[in-house]
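Return a 3D structure for these sequence lines:
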Amino acid sequence: LTVVGSANARAWNEQVLYSFTGGVDGQQPWAGVTLDGAGNIYGAVTFAGASQNCGPSGCGNIYKIASDGTFSVLHNFSWDDGANPASDLVLDKATGDLYGSTLSGGSGGAGTVFKLASNGTLTTLYAFTGGADGNTPEGRLLRTRRGDIYGTTYGGGDHNMGLLYELTAGGKLKRWHSFGEGAGDGTFPTGAGLAASGHVIYGMTQFGGSSDYGTVFQLDLTSNAYWTMHSFAGGKDGRYPAAGLIADKDGTVYGTTQDGGGSYDICTYGCGTVFAMTPAGSETILHRFKGGADGSNSLATLVRTGKGALFGTTNDGSKGTVFELKPDGHEHVLHTFGEAGDGFEPVTGVTRDKSGNLYGTTDLGGASGLGTVYVLRK
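Numbers count the residues shown, from 1 in each chain. Now for the predicted structure:
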């Protein structure tokens, strides 16, 4: 294990738990990590792996890091059963089964939704064809207690601009909304996933809306009503959201934008924002990134504590950061990536355990330069 000290004065220390080598273990984890109650870590690596059926980049795999630090590959994708997983896995705590999606591969060549059983058996729950049923499923799935799955595809649908879908427990695909449906609709839903509060599902699109800088949308499952809650204007309210949302019980959602927000002298189009939004679509900017040591260009879904603190990552501003945003609006950079042996450029957020430790992945860096899994502890 490589221990990398944090330069932050608040005494958070980073430990690189695993550095990917680009071989059978894979490379470039575009997915974050999922924890179980025993301290085991699960995740997906997007490229390399044992199979070369996907060309020189490889097909990717599902891995586990046991609580004692042992790394193992649970499943190597081979194109026919999916390829290039990039979504955070969803754990069924009762059975130990893992659910996720792949960007490509499967019988239709356009990606899959899968279940990896606790005994190691992978089942393809749905294989996209690339047409009206969608293409390139991205982002963490939203799975209900009765086993229904909600997700988005980046392409496909009626207008080839993405689809919001439901996959029933019986394996049937229901198309809820094809993006690009008329003026002002969002297009190309972002890959970090959906959020839910009660009977309402929330998500974001990277483009589209009234200014083509992205949107926040909601789907009311009771009334079947789809609504664009907010269109980003591209200025101080942010633009081009590339992360997912999280939601409170009252329906307030929290998210980040990749650009916009100001600080144009450092970031050409703005360094990005953290925002909150009511169910009625009223936006409050909680933080505008300034670039440099503050970080910029957040691509990751946030984590919110019971006391209202938000944790997240930025992809740029040197080589990326992990930050905490206090309820009073003060931001603290907990770790800046890029020290010797460290990872850099995190494209995913963090997962918080019961002790408050933060786990995540970096796209690059580590001993071989091909990405890491890390933990940040006080």
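
Do you know the pLDDT at the residue nearest the centre of the chain?
Geometric centre of the chain, nearest residue: Ala192, 3.2 Å, by CA atoms, centre = their mean. Looking at Ala192, its pLDDT is 73.

which residue packs closest to it, ignoring adjacent ones?
Closest residue to Ala192 apart from its sequence neighbours, by CB to CB, 6 or more residues apart in numbering: Gly244 at 3.1 Å. Placement of C-beta: from N, CA and C, glycine included.

Asp133 too?
Leu173 (5.8 Å).

Find the least confident helix or strand in the protein, judged by mean pLDDT.
Least confident helix or strand of the chain, by mean pLDDT, DSSP states H and E, is strand 2-4 with a mean of 38.

Give the buried residues for the helix or strand that that strand is followed by.
Counting by DSSP states H and E, the next helix or strand C-terminal to strand 2-4 is strand 13-19. Within strand 13-19, the residues that qualify as buried are Glu14, Val16, Leu17, Tyr18, Ser19, counting by 16 or more other CB atoms under 10 Å.

residues making contact with stretch 335-347?
Stretch 335-347 is contacted from outside by 2, 4-8, 12, 14, 16, 19, 30, 293, 299-300, 313-316, 318-322, 360-367, 371-372, 374, 376, using CB atoms under 8 Å, 6 or more residues apart in numbering.

residues contacting the residue nearest to Asp133?
Tyr126, Asp133, Tyr165, Glu166, Leu167.

State the distance from it to Leu141.
Distance, Leu173 to Leu141, by CB to CB, to the nearest Å: 13 Å.

for the nearest residue to Lys249 once chain neighbours are set aside, what are its contacts?
Among residues not flanking Lys249 along the chain, Ser197 sits closest, at 6.1 Å (CB to CB, 6+ apart). Each residue near Ser197 by CB under 8 Å, 6+ apart is listed here: Ala247, Asp248, Lys249, Asp250, Gly251, Val253, Pro279.

cool, and Asp353?
With CB under 8 Å, 6+ apart, Asp353 has these contacts: Leu35, Gly39, Tyr359.

go on, Arg239?
Arg239 touches Ser211, Tyr213, Gly214, Phe232, Ala233, Thr257, Gln258, Asp259, Gly260, Tyr269, Gly270, counting by CB under 8 Å, 6+ apart.

which of the residues you listed lies closest to Gly60?
Taking CB to CB as the measure, Gly60 lies nearest Gln258 of the contacts of Arg239, at 23.9 Å.

Give me the below-cutoff pLDDT ranges for the stretch 201-350 of the chain.
263 (pLDDT under 70).

Noted, bye for now.
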